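[1] What would the 3D arrangement of this be:
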Amino acid sequence: MKTALIIARKEFRAAFRNRLFLTITFLFLGLSILSVYIGSTTKRAEMRIYNETITTLQAQDVTTLPAAPEIRTLTILANLIEYVSMVGAILAVILGYNTLIDEKESGGLKLILSRPVFRDQLITGKLLGNAAVIAVLLGLIFIFNLVLLVLVGGILPTAGEVARLFAFMLMAFSYMLIFLSLAMLLSIRMNNSATVFLIALVVWTVFSFVVPQMAETLMSNSSVVNGISGSVNQIPQDTAISQAINFISPTWHLRNIGGQLLQSAAGSGAMSAGTLASHALTTLLALLAPTVAFIAAGFTIFSRNETLVLE
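    As a prediction, this is how the structure comes out:
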């Protein structure tokens, strides 16, 4: 285990010397600032319009006043869901795609394995090091957004809201691990970093965009008549097939639970803590399943690769 930890520390330090990784990381942080600013500005505008409307109605002696808009703190951070699903996945691919390629191309991998370093220790160390980088990054995003809520939004989150945001970060970590482990598996299996990077991005694109669009196409439409205008609106409804297709998309899982945890999804405000915890646990298991499969496949392929024996 000591050897694996030494390798993990090396991978952790190497990640923060990767200019592409650092560039996208700073972009991620910048988007967080922009998200909180836009969200808080929008909420303040809603309240200003409501207060002006109330003042106008009271001046006209109107007694029946509209209810105040329901503003939930965490909806200000709802854009984090999209940022993690896109930028977070790309960051994970960048961390994983070059895991073993450099050592393979330079011949250093055979030399490393000729030393008292077991193959499982090498893979475990690289996985732990890169997973630690993701954990630190999401930890910074977590703290960063809480501070921004106070400084930019002028809002002090409650303990429950902090817990919801932390739970979302846990889901984000599980989501990013999928693409980290996939890129590592491809890095183990292939010998060209560009090919690994391209295939990992193609897989991400398919399961993040193509699969959800297929599910949306297979939704049924229910006709709803507007009682005021008399117009007919088509409301898409899930079918068994569309639900099954969505279930294989990690991005769909992240967006679904993210909307519930950050209270941006319809009806999420009235959801009980028990129901939310049940949904979160189900999503966590669904996100961890492909990661476990990719890691197991990576260990199996790497341990049986006889071409890595130094002659």
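[2] Now Gln260: which helix or strand?
    Here Gln260, judged by DSSP states H and E, is contained in helix 250-261.
[3] Give the other helices and strands that the helix or strand just after that helix contacts.
    Next helix or strand after helix 250-261 toward the C-terminus (DSSP H and E): helix 273-303. Helices and strands touching helix 273-303, by 3 or more Cβ pairs under 8 Å, 6 or more residues apart in numbering; DSSP states H and E, are helix 119-151, helix 159-189, helix 250-261. To be clear about C-beta, it is placed using only N, CA and C from the backbone, and glycine gets the same treatment.
[4] Quick check: the gap between the nearest residue to Leu262 once chain neighbours are set aside and Leu146.
    What sits nearest to Leu262 in space, not counting adjacent residues and going by Cβ to Cβ, 6 or more residues apart in numbering, is Leu74, at 4.3 Å. Distance from Leu74 to Leu146, counting by Cβ to Cβ, to the nearest Å: 11 Å.
[5] One more: Ala78?
    15 Å.
[6] Same check on Leu91?
    21 Å.
[7] Same drill for these two, tell me which one is more crowded.
    Leu91 (24 against 19; other Cβ atoms under 10 Å).
[8] Can you tell me, leaving aside adjacent residues, what's nearest to that one?
    Ile24 (5.5 Å).
[9] Could you do Leu287 as well?
    Ser174 (4.0 Å).
[10] Over to the residue nearest to Leu91. Which of the three states is it?
    helix (DSSP: H, G, I helix; E, B strand; the rest coil).
[11] which sections of the stretch 1-150 of the chain are below the confidence cut-off?
    Low-confidence segments of the stretch 1-150 of the chain, defined by pLDDT under 70: 1, 69-71, 104-117.
[12] Helices along that one, start to end?
    2-15, 19-59, 80-83, 89-97, 101-106, 108-114, 119-151 (DSSP state H, counting those that start in this stretch).
[13] Tell me which of these sits nearest to Leu288.
    helix 119-151 (12.4 Å; Cβ to Cβ).
[14] For that closest one, name the packing helices and strands.
    Against helix 119-151 (3+ Cβ pairs under 8 Å, 6+ apart) you get helix 2-15, helix 19-59, helix 89-97, helix 108-114, helix 159-189, helix 273-303.
[15] Same question for it: list its buried residues.
    Residues of helix 119-151 classed as buried: 121-131, 133-134, 137-138, 141-142, 145-146, 148-149 (neighbour count, 16 or more other Cβ atoms under 10 Å).
[16] how far is it from where the chain is centred?
    12 Å (Cα atoms, centre = their mean, to the nearest Å).
[17] Run the angle between it and helix 159-189 for me.
    150 degrees (axes from the mean of the first three to the mean of the last three Cα atoms, to 10 degrees).
[18] what angle do helix 119-151 and helix 89-97 make?
    160 degrees.
[19] mind listing what Ala215 touches?
    Ile241, Ser242, Gln243, Ile245, Asn246, Ser249, Trp252 (Cβ atoms under 8 Å, 6 or more residues apart in numbering).
[20] tell me which element it is part of?
    Residue-wise, Ala215 maps onto helix 211-217 under DSSP H and E.
[21] Ok, Ser242 next?
    helix 240-247.
[22] what helices or strands is that helix leaning on?
    helix 211-217.
[23] Tell me how far the helix it packs on lies from the chain's centre.
    So, by Cα atoms, centre = their mean, the centroid of helix 211-217 is 19 Å from its chain's centroid.
[24] can you check stretch 168-176 too?
    On Cα atoms, centre = their mean, the centre of stretch 168-176 falls 5 Å from the chain's centre.
[25] now swap in stretch 29-37 and tell me
    Per Cα atoms, centre = their mean, the centroid offset for stretch 29-37 relative to its chain is 16 Å.
[26] Repeat that for stretch 152-166.
    19 Å.
[27] before we move on, what about stretch 255-266?
    Centroid separation for stretch 255-266 versus its chain: 13 Å, with Cα atoms, centre = their mean.
[28] list the buried ones in that stretch?
    Arg255, Asn256, Ile257, Gly258, Gly259, Gln260, Leu261, Leu262, Gln263, Ser264, Ala265.
[29] and the second one, what is it in contact with?
    Contact partners of Asn256, counting by Cβ under 8 Å, 6+ apart, are Ala265, Thr283.
[30] Quick check: it vs Thr55, distance?
    Taken as Cβ to Cβ, the span from Asn256 to Thr55 is 40 Å.
[31] just the third one next, same as before
    When distance is defined by Cβ to Cβ, Ile257 is 40 Å away from Thr55.
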